[in-house]
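Q: with the input below, show me the fold.
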Amino acid sequence: MAESDDTGPARFDRARLGAHGEQLVAEWYLTRGYQVLARNWRCREGEIDLVLARGTTIVVCEVKTRSGDRHGSPFEAVTRTKARRLRRLSARWVAECAPFRPEVLRVDVAGVVGRRVDVIEGAL
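A: Below you'll find the predicted structure:
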């Protein structure tokens with residue numbers, strides 16, 4: 001039986017599920033000609049799951065992974081608060097880490113259910 005605290009098996013399973021989803025999304029972008037610039041970039045204000053580039057575009061991608069659709073769409077998990085935080089984190093990442101000044105900075109949201117990847121480009 002899964003435990004409900006943040007240190008038990010349920011926490012480990014969620015972390016593995018999230019890492020699996022992020023890998024599938026990274027592969028989705030790679031097949032479309034993007035380069036992964038960062039994974040799980042963290043600062044005091046939060047975390048960015050994936051940062052990618054293609055040409056002069058930098059994409060920050062929030063990945064939401066579910067094992068099934070029983071609890072609704074992964075996209076429903078991106079709240080207004082999360083969207084605001086992602087926009088702030090995106091600007092901070094570009095200011096501190098970008099290898100070039102992007103012509104376009106885009107925030108995408110990717111939903112993963114099982115092995116299915118759906119990406120909403122420019123979602124936020």
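
Q: in contact with G122, which residues?
A: Under the criterion of C-beta atoms under 8 Å, 6 or more residues apart in numbering, the contact list for G122 reads 106-108. All C-beta atoms are positioned from the backbone trio N, CA, C, and that covers glycine.

Q: can you redo those as a markdown table with distance to E96, secondary structure and pLDDT?
A: Formatted as a markdown table, those follow (distance: C-beta to C-beta, whole Å; DSSP: H, G, I helix; E, B strand; the rest coil; pLDDT from 0 to 100):
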| residue | distance to E96 | secondary structure | pLDDT |
| --- | --- | --- | --- |
| R106 | 18 | strand | 96 |
| V107 | 17 | strand | 96 |
| D108 | 20 | strand | 96 |
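
Q: list the contacts of stretch 95-104.
A: 37-38, 41, 51, 53, 56-58, 94.

Q: farthest-separated two in those?
A: Set against one another by C-beta to C-beta, the contacts of stretch 95-104 have their most distant pair in W41 and T56, with a gap of 19.9 Å.

Q: who has more neighbours, those two?
A: Comparing W41 with T56 by other C-beta atoms under 10 Å, the one with more neighbours is W41, at 18 against 10.

Q: tell me the pLDDT of that one.
A: For W41, the pLDDT comes out at 97.

Q: okay, buried residues for the longest helix along the chain please.
A: Using DSSP state H, we find that the single longest helix of the chain is helix 9-30. By neighbour count on 16 or more other C-beta atoms under 10 Å, the buried set for helix 9-30 is 18, 21-22, 24-26, 28-29.

Q: then stretch 79-92?
A: For stretch 79-92, a neighbour-count test (16+ other C-beta under 10 Å) marks 85-86, 89-90, 92 as buried.

Q: okay, and which of the residues you listed map to strands?
A: Judged by DSSP state E, the subset of the buried residues of stretch 79-92 located in strands is empty.

Q: as TSV, the residues you listed with pLDDT would be great.
A: Below are those laid out as TSV (pLDDT from 0 to 100):
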residue	pLDDT
R85	95
L86	95
L89	97
S90	96
R92	96
